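> A predicted structure for the sequence below; I have some questions about it.
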Amino acid sequence: MTNNAIFRTCPDTGLRFHGPAETLIKLNAVAAVVFLLVGGIMGIGVGLTRWPEVHLLGPQDFYTTLTSHGINVLIFWIIFFEIAALYFVSSVVLGCRLATPKLGYLAFLLMVIGALVNNYAVWSLSSAVMMTSYAPMPAHWAFYLGLILFAVGALIGCFIFLGTLVIAKKEKTYEGSIPLVTFGGLTACIIAIFTIASGAIILVPTLLWQLGYVSNIDAGVYRLIWWAFGHSSQQINVATHVTVWYMVGALVFGAKPLSEKVSRFAFVLYIAVLQIASAHHLLVDPGVGTEWKIFNTSYAMYLAVMASMVHGLTVPGSMEAAQRARGYTNGLFEWLRKAPWGNPVFSSTMISIVGFGFLGGISGVMMGAEQLNLIVHNTLYVPGHFHATVVLGTTLAFMGITYWLVPVLFRRELILTSWCKWQPYIFGLGMTGVSVFMMGAGTLGLPRRHWDAAFTSSSFPYEFPSSAMALMSLNGLSVVLAAIGGGMFCLIIVGTLLFGKKVGQEEKFPRVMVATPPTEAQYVTLHRSGNAISGTLLLAGVFLIAFVVYYFINWKYLAETWGMS
Amino acid sequence: MNENDQEEEKIPIMQQLIDNPFLLLFIGIAIPTVTYIIWGIVEIVSIPIAN
Amino acid sequence: MTSLSPPDQKVWWKKPIDRAELIWIFIVVIWGIILTLMMPLWHIFGEQNLSTETYRTTPQRYMEKTQAFVDQYTVRTEGDRQFPVVAPPAGEDIYMVARLWDWWPILELKQGQSYRLHLNSIDWNHGFSLQPANLNIQVLPGYEHVLTITPNATGEYSVICNEYCGINHHNMVGKIYVVE
């Protein structure tokens, strides 16, 4: 078995790539970018239709485009990339052969076929049922079949990851515990297995219902179990992009975890309770009780929020410690000022950390409070929130690591290097606008998944405050900016794959691909000084204040509306 | 063999648990299955019928 | 050694945690407890808590009850489609049907009075979104949800649908009047 394993050692990183693993990482990552491109184009259609002065698409096209946008980016782009990431943090990081590469190809094939079948159903078999496809609203059976095939493929990918861990341990390709980034990958993998199993539990009966073998799908049970799939799938993203953050810290600064114990325990909290927050979607549902809602929506006791806040400190903290150990010790922020802001791997990650924390994290906790959900459920606040988590947080982190991965995997220099510098800022700024303006409009009550918030053809039209409409125009402008940033990314990556200057397998890149870590002695001196992460701690304090203030402001909003009991 | 065993013993129990991917897999499946799915289904199933 | 390599020490669990990290963990745990307590506290002291009183029902049975309610308390009709405007006495059980693509009937309520509002969909999922009060509740077929509402200001309110329900979803708007 081991004999026919082909390895190459990367001259720039020293990493050992197992041939089939490398091919599978490339395939999954390229498929991911293709679906990002497709889903992104759909996003432009959605944004321009919500722009009151433009109102680009008709209702049927809008709902179809919105369905396609959601599924392509929230499921296909992200999960393809996550499978690539899982193979990387197991096989490549552990320097181990990938378990059952043949099944890896099968998994990839199933995922591609599933994604294509689902897209075909949405576009050609009138299945514009949104990503959530709430039964009893029916979609064509091919819609569910496509998702199921995709999910089975992804599940195989997860088991290949676990298999690779077992092989690496058996063949002793590493000593002691697995590296932190591999542990983060394990966290994502475990959440993914729960996610996909939940998807199967609900989508298989729904498929059978559309084929006529099951007479009825209960609306409440569907929502309960579907969200164990739909929400948890976004928790795979959280685990994966936090992993990417740690990885970028290691690549750009040679950073190591401040404390293995703290960072790993935070991941364990993710494993244990992140997924029960699927209840966020059912807070204003009939059928489930108050205790169920409070326990699950609060991640048992906000344990997963605590974990995220810990990662939010330790990731930049480990970067700060590495920078300070290296000698950037002046003041609170010299380490940050002297960071490589022109390197898209770093800048994407930093925007991802700040965007995910300040916009996505705070809004998510607010919405997830049982009663506060009354004032935001199904308004545009919800997509505003998850564009901060999934796009600013996950997508931008994935873009950042792609800037590093593509040269290493394909041995080509990135093209358009000055675009690379600007792309994260343009995309980040555009997406920040999208998030903030949608959240603003949602606070004023604008509904999500709605073609015409002006109600021009309704019997009893309702007029939203003009400020809400103005926010949607700003949202449209932000969509254009984000689309430019997203388009630049796709162009850079696809252009590099086709035309990037080739670098030989033995040759080195002219730039440094992996930072040399500070020495142990440097760390010792740093810790003696007693302020290894004082800058990060201050930033964390600012974050906490923003969090507390925003959280209680919303309770005040809630107190002003109709009484309910 | 003996030497290995001795080294294993030194590792604290918590670290051993966190180092065990399949134990973590069990935790990650069992907790949400019980507190979210099963508890949720029980709540939905026990809804009374309207008059 | 970085996050990409196994931990420096074989036994990392016993390595002491940096003071700055400990401070942050302490703060975060306190904040987590406050966040958790806010929800039960609001159940005790807050005015806006969603009831979970729910009954299983069928479209036929729910329509019958709503029709009886409409027959009893209709005061006038409105619009080209003769929507009944129903003005029930305070404290009464009041009914609203969500269906493709109406909220039926129109309700006329009194400010400061409480009503037991029944919500149910007779086809697909819908979203009860009361504007501009901005209260949003998911409405499911098969589940009759009963909640007590107390309007706190007079005026003309719209009930828009904020759960996607097909091609005319954006036209699904109902009304609630609140009078002195």
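Everything's here; your move.
> got a list of what residue 21 touches?
Here I'm looking at chain A. A:87-88, A:91-92, A:97-98, A:101, A:104 (C-beta atoms under 8 Å, 6 or more residues apart in numbering or on different chains). No exception for glycine: its C-beta is placed from N, CA and C like everyone else's.
> Chain C is the one I meant
Applying C-beta under 8 Å, 6+ apart, the residues near C:Glu21 are A:258-259, A:262, A:313-314, A:317, A:533.
> Quick one: these as a markdown table, columns for distance to C:Met39, pLDDT and neighbour count too.
Formatted as a markdown table, the contacts of C:Glu21 follow (distance: C-beta to C-beta, whole Å; pLDDT from 0 to 100; neighbours: other C-beta atoms under 10 Å in any protein chain shown):
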| residue | distance to C:Met39 | pLDDT | neighbour count |
| --- | --- | --- | --- |
| A:Leu258 | 32 | 94 | 22 |
| A:Ser259 | 31 | 95 | 23 |
| A:Val262 | 27 | 97 | 22 |
| A:Leu313 | 26 | 96 | 27 |
| A:Thr314 | 28 | 96 | 29 |
| A:Gly317 | 31 | 96 | 30 |
| A:Ile533 | 33 | 93 | 26 |
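> What about residue 9, how many residues nearby?
Looking at chain A here, since you left the chain open. Counted by other C-beta atoms under 10 Å in any protein chain shown, the residues lying close to A:Thr9 total 12.
> To clarify, I was referring to chain C.
By other C-beta under 10 Å, the residues close to C:Gln9 number 13.
> The one 4 residues further on now?
Neighbours of C:Trp13 under the rule other C-beta under 10 Å: 20.
> Please apply the same query to A:Leu109.
13.
> what do you get for the one 5 residues further on?
If you count neighbours by other C-beta under 10 Å, A:Gly114 ends up with 22.
> likewise C:Pro40?
Neighbours of C:Pro40 under the rule other C-beta under 10 Å: 13.
> Next: C:Val75.
The number of residues near C:Val75, taken as other C-beta under 10 Å, comes to 11.
> helices or strands up against the helix or strand that it is a member of?
Secondary structure assignment for C:Val75, by DSSP states H and E: strand C:74-78. Using 3 or more C-beta pairs under 8 Å, 6 or more residues apart in numbering or on different chains; DSSP states H and E as the contact criterion, the elements in contact with strand C:74-78 are strand C:83-86.
> Assign a three-state SS to residue 13, would you?
Since no chain was named, I'll use chain A. Here A:Thr13 is coil, with the state taken from DSSP: H, G, I helix; E, B strand; the rest coil.
> you looked at the wrong chain, it should be chain C
Strictly by three-state DSSP, C:Trp13 counts as coil.
> Now the two most distant members of the contacts of C:Glu21.
Greatest spatial distance among these (C-beta to C-beta): A:Val262 and A:Ile533, at 12.1 Å.
> Could I get the full set of strands for chain C?
Per DSSP state E, chain C carries strands over the ranges C:53-56, C:74-78, C:83-86, C:93-99, C:102-104, C:106-110, C:115-121, C:126-131, C:135-139, C:143-150, C:155-161, C:173-179.
> Give me the contacts around the last one.
Read that as strand C:173-179. Here strand C:173-179 makes contact (C-beta under 8 Å, 6+ apart) with A:455, A:458-462, C:78, C:85, C:96, C:102-104, C:106-111, C:130, C:151, C:153-161.
> Pull out the buried members of the residues you listed.
A:455, A:458-460, A:462, C:85, C:96, C:102-104, C:106-110, C:130, C:151, C:157-161 (16 or more other C-beta atoms under 10 Å in any protein chain shown).
> show me which of these neighbour chain B.
Among these, not one lies near chain B by C-beta under 8 Å from any C-beta of the partner chain.
> Would you mind confirming that A:Ser126 is in contact with A:Pro138?
No: contact criterion C-beta atoms under 8 Å: A:Ser126 and A:Pro138 do not qualify, at 9.9 Å.
> and chain A, which residues reach chain B?
Proximity of chain A to chain B, by C-beta under 8 Å from any C-beta, involves residues A:162, A:165, A:177-178, A:186-187, A:190-191, A:193-194, A:197-198, A:218, A:220-221, A:224-225, A:228, A:232, A:264-265, A:268, A:271-273, A:275-276, A:278-279, A:282, A:287-289, A:292, A:295-296, A:300.
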